[in-house]
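1. sequence plus predicted model, see below.
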Amino acid sequence: MTDGIEKFIRIDMSRFGAYSACKSPDVIARKLGIPEDEIIKLDANENPYGCSPKVRSALKKYPYFHIYPDSAQTELLEDISKYVGVGKEYIVAGNGSDELIDLLSAPSGLSRRRGYNHSPYLRYVSLLYPGLLRQSR
């Protein structure tokens, strides 16, 4: 029996290696001794081609980057509803997977049972070390 934090780690999760951040193109270029423009990274959801010229043009015309968008995504849900032909009450949109996990777990009571708050890091702690938050109250 161990007395350290290891006792809180789920056995199936203990086999994962530590997170290793992806290296930037300039770091890779220096390490390999080649020009940075010869580096094409595919390891971090990066697109080696950048956005399309149409997207770049549209972004130049958008004047509201300094304002938060509608958090209820009203217009988006209406447009998707019309496009797919289902009511907007059947469509869920979120700002990334963390927000969708929040939306899905909130009605279930998971957030209350696991000592969960809105920090994504605490969510991952509660998944990797399920006993830790319960026992530390």
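-> The structure has been received and is ready for your questions.
2. burial check on the closest residue in space to residue 43 that isn't next to it in sequence, number of neighbours?
-> Spatial nearest neighbour of residue 43, excluding adjacent residues (Cβ to Cβ, 6 or more residues apart in numbering): residue 22 at 5.4 Å. In short, each C-beta sits where N, CA and C put it, glycine included. If you count neighbours by other Cβ atoms under 10 Å, residue 22 ends up with 12.
3. ok, residue 22 - contacts?
-> Listed by Cβ atoms under 8 Å, 6 or more residues apart in numbering, the contact partners of residue 22 are 41, 43, 44.
4. scan this structure for its longest helix.
-> Counting residues, the longest helix found in the chain (DSSP state H) is helix 74-84.
5. next structured bit after that one?
-> helix 97-105 (DSSP states H and E).
6. show residues contacting the longest helix of the chain.
-> 87, 88, 91, 93.
7. where does this structure dip in pLDDT?
-> 1-3, 19, 104-137 (pLDDT under 70).
8. buried sites along the longest helix of the chain?
-> Buried residues in helix 74-84, counted by 16 or more other Cβ atoms under 10 Å: residue 77.
9. what does stretch 34-45 give?
-> Buried, per 16+ other Cβ under 10 Å, within stretch 34-45: residue 39.
10. that one: how far from the chain's middle?
-> How far stretch 34-45 lies from its chain's middle: 22 Å, per Cα atoms, centre = their mean, to the nearest Å.
11. residues making contact with it?
-> Stretch 34-45 is contacted by residues 22, 25, 26, 28, 29, 32, 48 when judged by Cβ under 8 Å, 6+ apart.
12. quick one: which of these sit in helices?
-> Going by DSSP H, the helices hold 25, 26, 28, 29, 32 from those.
13. neighbours of residue 71, just the number please.
-> 8.
14. hmm, I typed the wrong one, I wanted residue 94.
-> Count around residue 94 with other Cβ under 10 Å applied: 13.
15. same deal with the one 4 residues further on?
-> Using other Cβ under 10 Å, the number of residues around residue 98 comes to 14.
16. check the gap between it and residue 10 for me.
-> Look at residue 98 and residue 10: by Cβ to Cβ, to the nearest Å, they are 20 Å apart.
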